[in-house]
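Participant: next input, structure requested:
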Amino acid sequence: MTFGTFDVFHYGHLRVLERAAELGDRLLVGISSDELNASKKQRAPIYPLQERMAIVAGLKVVDGVFVEHSLDLKRDYLREHHADVLVMGDDWEGRFDEFNDTCEVVYLPRTPAISTTELIERISWGSS
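Facilitator: Just a heads-up that it's a prediction; the model follows:
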């Protein structure tokens, strides 16, 4: 299982999902609700929740998606979906170690030189 906003879907998102899928028999992805995204990033997502869910669900490495309504419910999501492994990007290193009592926690290196925030900034400024 992994979690994310997956707004302005890019190659880095694809790579983390592909690598996460290699760690188990199936991959479930919790996608931040529009409200959760606005509260944690202080901005609304570019694409609404249903579109982000459709994009991620359409990937062959993803077996299912669900809405993440609260960061405080991660343990509940892991238990509800019987997750054996929680996969997060290494920018979150150590922040989810508390769940080691519920499942294995793995932090994957981010794909270099790409981030949603940087893409949005480049698009809004019209630069390359």
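Participant: contacting residues for the residue lying closest to H81 once chain neighbours are set aside?
Facilitator: Counting by Cβ to Cβ, 6 or more residues apart in numbering, the nearest residue to H81 once its immediate chain neighbours are dropped is L28, at 5.3 Å. All C-beta spots, glycine's among them, are computed from the backbone N, C-alpha and C. By Cβ atoms under 8 Å, 6 or more residues apart in numbering, the contact list for L28 reads 1-2, 62-66, 81, 83.
Participant: partner residues bridging L28?
Facilitator: G64 (DSSP bridges).
Participant: how close does it get to D72?
Facilitator: Counting by Cβ to Cβ, to the nearest Å, the gap from L28 to D72 is 19 Å.
Participant: any idea how far R110 lies from A44?
Facilitator: Distance, R110 to A44, using Cβ to Cβ: 23 Å.
Participant: higher neighbour count, those two?
Facilitator: A direct count of neighbours by other Cβ atoms under 10 Å for R110 and A44 places R110 higher, at 15 against 12.
Participant: who's in contact with the more buried one?
Facilitator: Applying Cβ under 8 Å, 6+ apart, the residues near R110 are 12, 16, 89-91.
Participant: which ones among the residues you listed map onto strands?
Facilitator: Using DSSP state E, the members of the contacts of R110 that fall in strands are G89.
Participant: of the contacts of R110, which is the nearest to D76?
Facilitator: G89 (21.4 Å; Cβ to Cβ).
Participant: wasn't F6 part of a helix?
Facilitator: No: residue state for F6 (DSSP: H, G, I helix; E, B strand; the rest coil) corresponds to coil; a helix is not indicated.
Participant: any idea how far D97 is from it?
Facilitator: Taking Cβ to Cβ, one finds F6 at 23 Å from D97.
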